[in-house]
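Trainee: Pasting the sequence and the predicted model now:
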Amino acid sequence: MAPAATAPGSGATWAGRPRGVPAAVPAPGVPLSFLGASALGLVATGVAWFVVAGQAARDVTADPVVAAVHFGVLATLAMGLLGALHQFVPVITGRPLRSTVAGYASCALWIAASWMLPLGIGLSTPVVTGLGGAAAGIAVLVVGWNLGPALLVRGKGPAVTAMRWSLAGALITTYLGVAFVGDRQASWFALSARADLAMGVLGLFAWLGTAYVGVASKLWPMFMLAHLEARARSVRISVWLVPVGAVVLAAGLISASPVLAGGGAAVLAAGAIAHVVALGAHVRRRRRARDLHLVFVLTSAASLVAGMVLALAAAIIIAAHPRAGRDLVAAALALSGGWLLVALVGHAHKVVPFIAWSVLRARGVVTGPNGQALGFADLYSARWALVSYGSTTGAVAALSLGLATAVAPLTGLAGILLALTGVVVGANLALGPWRVARRSRVAAAAPGSLDPAPTR
């Protein structure tokens, strides 16, 4: 079905939209603002883990360590996946954002929240923490208002279902977090480690993981040239079981119910396995040769599977060995976050050039540095992309191993690699289009003209 046209005068229109780009596609600056902020957040995450490495070896629940976790989850993963939702919800549904201005506003609010919350926690500054919580609460409402009408569309398949679940998970996670922030200020209730872990499960799986499961079901066919049936069973199973399992597991953790927690963990694991099975089906049916993007997504899936194995090991030993079990839980969550981080970095090397290509073509840039038609691969350095793969996977491995074994130098190394990844990815994807625009021939094309997208 062809995307619905944007109504004249809609706040979601953007100046200079090339002919051939559907009206529902958002202004490039909206998703790129989120993705750029995500790269900066990754640098901050790396610095934070380097600083708290010694404390993490002694107590993974210490406030400075919690602050480092929040930088990773909020300023990096959530920021990047919110950018993906602002790009792909309109594209997949054919319905535009309600407002481009609201898109930029939600980005600014989330930047404030994702930096103020961890800084307030790490520096024991309640006012900053409270302001960060307020900004997060407002931001998620703006996101829901902006994306909500598009997500009401019917008949668009499991990807839209996943995005609905993800938005609900974002609301639940954010307002549970706001309640925890309030508790830090006024001691409304006893905040147990189980409740904190429950919020982590909701954030990583009911919100961010579900968003990635949905977005990946559209990106894998595009970037691998591997088209499964429209509603592949493994995709549908993962879209439902991942968020449902996460919610039930979180409820079991909060209520200290082994039955609920165990049942939720089993359902979540089944959803994660279905996600991996869906990836395997795409890989087997791909018509594109092996490339770095494929290596990224396979490594991402491996991190998810490794996290599941460590979580099972933690559940088995935590009663007899509480400290070792707690450290394994932390390592399992690091690997689960690595699942999303590796995927985010890998897909960014496809998505950002895809967006930038349209912007450059709209400005009349028709050739790449080699004098041939402008392609996506012209907009970043493959060599530096390979460096970012090494630093990302090295960081995830070092962080999970450092937390599992309570070895501070490994955690510190992970921090260095995370910061390096943020710098390399941000610079590579930002400078590539700038260099092309500076050096390439600019055609005197008619306004609104656009050549078909390249296949590379």
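Mentor: Arrived safely.
Trainee: From here on, just use CA atoms for contacts and neighbour counts.
Mentor: Noted.
Trainee: And the closest residue to V69 other than its chain neighbours, how far from Y175?
Mentor: Excluding its sequence neighbours, the residue lying closest to V69 (Cα to Cα, 6 or more residues apart in numbering) is T45, at 7.6 Å. Spatial separation of T45 from Y175 under the definition Cα to Cα, to the nearest Å is 23 Å.
Trainee: So for these two, which residue has more residues nearby?
Mentor: Comparing T45 with Y175 by other Cα atoms under 10 Å, the one with more neighbours is T45, at 29 against 17.
Trainee: Show the contacting residues for that one.
Mentor: By Cα atoms under 8 Å, 6 or more residues apart in numbering, T45 lies in contact with 68-69, 71-72, 75-76, 415, 418-419.
Trainee: Please identify which pair of those residues lies farthest apart.
Mentor: Using Cα to Cα, the two most remote members of those are A75 and G415, lying 14.8 Å apart.
Trainee: So which elements touch the longest helix anywhere in the chain?
Mentor: Residue-count comparison of every helix in the chain, with assignments taken from DSSP state H, identifies helix 322-362 as the longest. With contacts defined as 3 or more Cα pairs under 8 Å, 6 or more residues apart in numbering; DSSP states H and E, the packing partners of helix 322-362 are helix 292-317, helix 382-405, helix 408-439.
Trainee: A56: neighbouring residues, count only.
Mentor: Summarising burial for A56: neighbours were counted as other Cα under 10 Å, giving 27.
Trainee: Is the closest residue in space to it that isn't next to it in sequence in a helix, a strand, or coil?
Mentor: Taking Cα to Cα, 6+ apart, and ignoring the residues beside it in sequence, A56 has V65 as its nearest neighbour in space, at 6.0 Å. In the three-state summary, V65 is assigned as helix, counting by DSSP: H, G, I helix; E, B strand; the rest coil.
Trainee: how many neighbours does P322 have?
Mentor: The tally of other residues near P322 (other Cα under 10 Å) stands at 12.
Trainee: pLDDT on stretch 174-182, on average?
Mentor: For stretch 174-182, mean pLDDT rounds to 82.
Trainee: Give me the residues contacting that stretch.
Mentor: Taking contacts as Cα under 8 Å, 6+ apart, the residues outside stretch 174-182 that touch it are 129-130, 133-134, 136-137, 140, 188, 191, 199.
Trainee: just so I have it, where are all the helices in the chain?
Mentor: Counting by DSSP H, the chain forms helices over residues 29-58, 63-70, 79-93, 100-122, 126-151, 158-186, 193-201, 210-224, 233-255, 258-285, 292-317, 322-362, 382-405, 408-439, given from the N-terminal end onward.
Trainee: Which of the ones you listed sits closest to G368?
Mentor: Shortest separation from G368 across the helices of the chain is recorded for helix 408-439, at 6.2 Å, computed as Cα to Cα.
Trainee: Now that closest one: buried residues?
Mentor: 408-426, 428-430, 432-433, 436-437 (16 or more other Cα atoms under 10 Å).
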